[in-house]
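In: can't give you the sequence, but here's the structure:
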């Protein structure tokens, strides 16, 4: 038990350090000298001032939410995610072959093992049609999403229909 707690603690410290690094990436922490002249503390870059509003992000991009897309890979390419960004899950109406849902898993272990025992359903099999289901990132914590459909949670375990995001703070400029 102690080893598991130590791993969770180490993971949380690593996650917090990573979040701090990413959230400060667009901060101008240098003086106004260009580093090529040898006077600056680091290379100067202009802060991204256009990314201050919340975004609507379609999960999976043009692929939407369906079986066979690696959503963990999609999330890493789409990151960073920020507070008040809205994730939009679009998926087809239920049919005989595939139906989809969206669950919020409680922790990393559940995410890794596709264990839905403590999960909360946030969208059922019909809520993703039309304009899709929207989930707003309003809490500073990891959000673990997965599809709970298929025999023995097949979509999560074998279809890569799972991903996690950690919303970051937007720095005021």
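Out: Everything's here; your move. Please read these numbers as outputs of a predicted model, since none were measured by experiment. Numbers count the residues shown, from 1 in each chain.
In: ok, now how distant is residue 124 from residue 91?
Out: 11 Å (Cβ to Cβ, to the nearest Å). Heads up, the C-betas are built off the backbone N, CA and C, glycines and all.
In: What of residue 68?
Out: For residue 68 relative to residue 91 (Cβ to Cβ), the value is 13 Å.
In: One more: residue 108?
Out: 25 Å.
In: Looking at these two now, which is surrounded by more residues?
Out: Taking neighbours as other Cβ atoms under 10 Å, residue 108 and residue 91 compare with residue 91 leading, 27 against 16.
In: got a pLDDT number for that one?
Out: According to the prediction, residue 91 has pLDDT 88.
In: Kindly report the same for residue 140.
Out: 89.
In: tell me the SS of it?
Out: coil (DSSP: H, G, I helix; E, B strand; the rest coil).
In: That one touches residue 167, doesn't it?
Out: Yes: between residue 140 and residue 167 there is a contact under Cβ atoms under 8 Å: 6.5 Å.
In: which residues do these two both contact?
Out: Common neighbours of residue 140 and residue 167 (criterion: Cβ atoms under 8 Å, 6 or more residues apart in numbering): residue 83.
In: what's the spacing between the residue lying closest to residue 116 once chain neighbours are set aside and residue 100?
Out: Using Cβ to Cβ, 6 or more residues apart in numbering and skipping the chain neighbours, the partner closest in space to residue 116 is residue 148 (5.4 Å). Residue 148 sits 9 Å away from residue 100 when distances are taken as Cβ to Cβ.
In: residues shared between the contacts of those two?
Out: residue 155.
In: Compare the two (neighbour count), which wins?
Out: Taking other Cβ under 10 Å, residue 148 and residue 100 do not tie; residue 100 has more neighbours (28 against 22).
In: Tell me which residues touch the more buried one, please.
Out: Contacts of residue 100 (Cβ under 8 Å, 6+ apart): 65-67, 91-92, 125, 128, 147, 149, 155, 161.
In: Which of these has the largest number of neighbours?
Out: residue 161 (31 neighbours).
In: what about the residue lying closest to residue 165 once chain neighbours are set aside, neighbour count?
Out: Among residues not flanking residue 165 along the chain, residue 81 sits closest, at 4.4 Å (Cβ to Cβ, 6+ apart). As a burial measure, residue 81 scores 17 neighbours (other Cβ under 10 Å).
In: same question, the one 3 residues further on
Out: Residue 84 has 12 neighbours, counted by other Cβ under 10 Å.
In: how close does the nearest residue to it once chain neighbours are set aside get to residue 167?
Out: Nearest in space to residue 84, with sequence neighbours left out and distances taken as Cβ to Cβ, 6+ apart, is residue 54 at 3.9 Å. According to Cβ to Cβ, residue 54 and residue 167 sit 10 Å apart.
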